[in-house]
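Trainee: predicted model follows, preceded by the sequence.
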Amino acid sequence: MTEQPEEESIWPVQDQIAAYLRDGILNGDFQPGKPLPSSRKLNEQFGAAAQTIKNAMGILEKEGLVFTRRGAGIYAREHRQRTMTPAEYKNPPSAGGKYQWITAAERKGFTGRSELLDVEEVIPPHLVREAFGLDDDGTAILRRQVLYLDDEPCELVEVYFPLDLAQGTPIADRRRIKGGAGRILSEAGLPPLRCVDRVSARWPTPQQQKALKMPTKLPVLRQFRVTYSVGDRPIQAEFMIKAGHLYELEYEF
């Protein structure tokens with residue numbers, strides 16, 4: 001169980017309590033259907049007033065992590081954090097097949113789908129320009145979509161493609177591509193051979209917060225991936241913004 005740190009926190013006490021309980025719920029230390037520590041115990045641990053503890057519980061309730069039983073206290077809800085294995089989703093599906101992440105979600109009993117938001121030619125962010133070797137005013141094709149699990153938005157995906165690879169192909173069209181853009185590149189002789197991921201935790205931008213319908217002030221996981229093909233040529237770079245309260249990533253070495 002995560003212990004309250006000795007040093008004084010800069011967080012408001014209600015956020016400290018919510019973080020402590022959230023960590024225990026997501027780690028499985030507070031089991032689904034079991035009562036959470038009492039207000040008296042939380043008061044002893046955090047020196048918090050009753051209203052402060054109530055505010056913390058309100059945060060967790062918005063996140064879907066707790067529920068109330070009238071007259072019986074606050075209980076941990078079965079958490080919805082899903083373990084995803086990004087290394088398994090590198091290769092495009094066969095013709096007519098589903099995205100690997102959708103197939104993986106279905107194996108775990110979830111329903112996955114995607115919603116295409118935008119397809120446009122843009123000046124990409126610095127990390128993408130660096131990966132593609134573009135000048136400051138260089139452009140690329142952006143495909144932006146939101147992924148859903150059980151009709152809940154869980155990931156905002158922004159995929160950039162070099163202009164010379166995407167122009168004149170379905171990748172540059174504002175429509176969904178059966179088998180995904182990776183299939184188009186593979187059929188052009190550029191299969192994904194190597195991926196490099198950088199994963200960090202960030203506060204969401206207003207756009208990310210809106211797209212993912214973040215219920216409270218929670219961090220997101222930002223996964224930046226560059227995919228390389230024949231001759232170690234970068235063929236796409238993408239930002240995968242995952243709702244931090246819904247996702248964890250698993251890598252096997």
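Mentor: Received the coordinates, thanks. Numbers count the residues shown, from 1 in each chain.

Trainee: where's Ala49 relative to Pro35, distance?
Mentor: The span separating Ala49 from Pro35 equals 20 Å under the rule CB to CB, to the nearest Å. Using the backbone N, CA and C atoms, a C-beta is placed for each residue, glycine as well.

Trainee: where's Pro204, which helix or strand?
Mentor: For Pro204, there is no host helix or strand (DSSP states H and E).

Trainee: likewise the one 4 residues further on?
Mentor: Here Gln208, judged by DSSP H and E, is contained in helix 206-212.

Trainee: likewise for Thr103?
Mentor: In the assignment (DSSP H and E), Thr103 maps to helix 100-107.

Trainee: check Thr68 too.
Mentor: Per DSSP H and E, Thr68 falls inside strand 66-69.

Trainee: same question, Val196
Mentor: According to DSSP H and E, Val196 maps onto strand 194-202.

Trainee: packing partners of the next helix-or-strand element following the strand holding Thr68?
Mentor: Counting by DSSP H and E, the next helix or strand C-terminal to strand 66-69 is strand 73-76. For strand 73-76, the packing partners by 3 or more CB pairs under 8 Å, 6 or more residues apart in numbering; DSSP states H and E come out as strand 66-69.

Trainee: in its sheet, what does the strand it packs on sit against?
Mentor: Strand pairing for strand 66-69, using DSSP bridges, gives strand 73-76 (antiparallel).

Trainee: which residues touch whichever helix or strand comes after the strand it pairs with?
Mentor: Sequence order places strand 82-84 as the next helix or strand after strand 73-76, per DSSP H and E. The contact list for strand 82-84 (CB atoms under 8 Å, 6 or more residues apart in numbering) reads 101, 104-105, 108, 110, 149, 154, 242, 246-250.
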